[in-house]
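Engineer: Got a predicted structure here, sequence first:
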Amino acid sequence: MLDIGPAPGQSGALKKEDNVLSLSSDAAQAADAGANAVTKKVAAKPQAMSDATRALITQTLTEEKAEDVVEIDLRGKSEMGDFMVVASGRSTRQVSALADKLIEKLKQELSIVGRVEGKAAGDWVLIDAGDVIVHIFRPEVREFYQLEKMWLDPGDTAASG
């Protein structure tokens with residue numbers, strides 16, 4: 001049977017309740033401090049990883065002759081990722097080939113298995129590489145959707161490759 005102590009209003013109940021709350025509060029503070037320490041250690045790693053991912057993506061797209069490669073910094077703007085890379089291919093065949101090459105490089109060099117949408121159609125391929133989102137368009141489709149205008153503030157400058 002559970003002993004809950006003296007009835008409310010008796011001197012022992014308040015003291016016992018204070019001890020329980022105090023112990024719970026101390027445990028919560030200790031757990032919170034431990035979680036914050038872990039979060040700080042982990043936070044530095046993903047930023048370096050997202051920078052490496054972004055650099056590999058931009059380099060690969062540039063080497064494979066993608067056109068108008070633009071990097072957009074999403075940090076502080078969106079929780080979906082740290083960067084967005086937008087590029088164009090001249091045809092549906094090139095858009096699909098760029099996506100294939102990029103998926104292969106991400107897997108080989110960074111062990112990232114990105115999720116891919118739209119590769120079969122070849123008009124607009126989206127690759128989710130974790131903290132970096134990649135959009136590869138045919139020029140007409142890119143012009144129609146104008147993602148850069150949606151994500152860049154008028155004063156922002158995007159890095160182009």
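Structural biologist: Arrived safely.
Engineer: CA only for contacts and neighbour counts going forward, please
Structural biologist: Noted.
Engineer: Tell me where this structure has helices.
Structural biologist: Under the criterion DSSP state H, the chain contains helices at 11-63, 92-110, 139-145, 147-151.
Engineer: what residue ranges in the protein score low on pLDDT?
Structural biologist: Regions of the chain meeting the criterion pLDDT under 70 cover residues 1-47, 153-161.
Engineer: count of residues packed around Q146?
Structural biologist: The tally of other residues near Q146 (other Cα atoms under 10 Å) stands at 10.
Engineer: same question but for K65, I mixed them up
Structural biologist: By the measure other Cα under 10 Å, the count of residues near K65 is 15.
Engineer: And A48, by the same measure?
Structural biologist: Applying other Cα under 10 Å, we find 11 residues neighbouring A48.
Engineer: do you know how far it is from R142?
Structural biologist: If you measure A48 against R142 using Cα to Cα, to the nearest Å, the figure is 29 Å.
Engineer: same check, this time on A99
Structural biologist: According to Cα to Cα, A99 stands 15 Å off from R142.
Engineer: Look at these two and report which has more neighbours.
Structural biologist: For A99 and R142, the more surrounded residue by other Cα under 10 Å is A99, and the numbers stand at 26 against 19.
Engineer: got the contact list for the more buried one?
Structural biologist: By Cα atoms under 8 Å, 6 or more residues apart in numbering, the residues touching A99 are 119, 125, 127, 136.
Engineer: Mark which of the residues you listed are part of strands, please.
Structural biologist: 125, 127, 136 (DSSP state E).
Engineer: of those, closest to T53?
Structural biologist: I127 (12.1 Å; Cα to Cα).
Engineer: how close does the closest one get to I57?
Structural biologist: Distance of I127 to I57, given as Cα to Cα: 10 Å.
Engineer: how many neighbours does E63 have?
Structural biologist: Close neighbours of E63, defined as other Cα under 10 Å, add up to 10.
Engineer: Over to the one 5 residues further on?
Structural biologist: With neighbours defined by other Cα under 10 Å, the count for D68 comes to 15.
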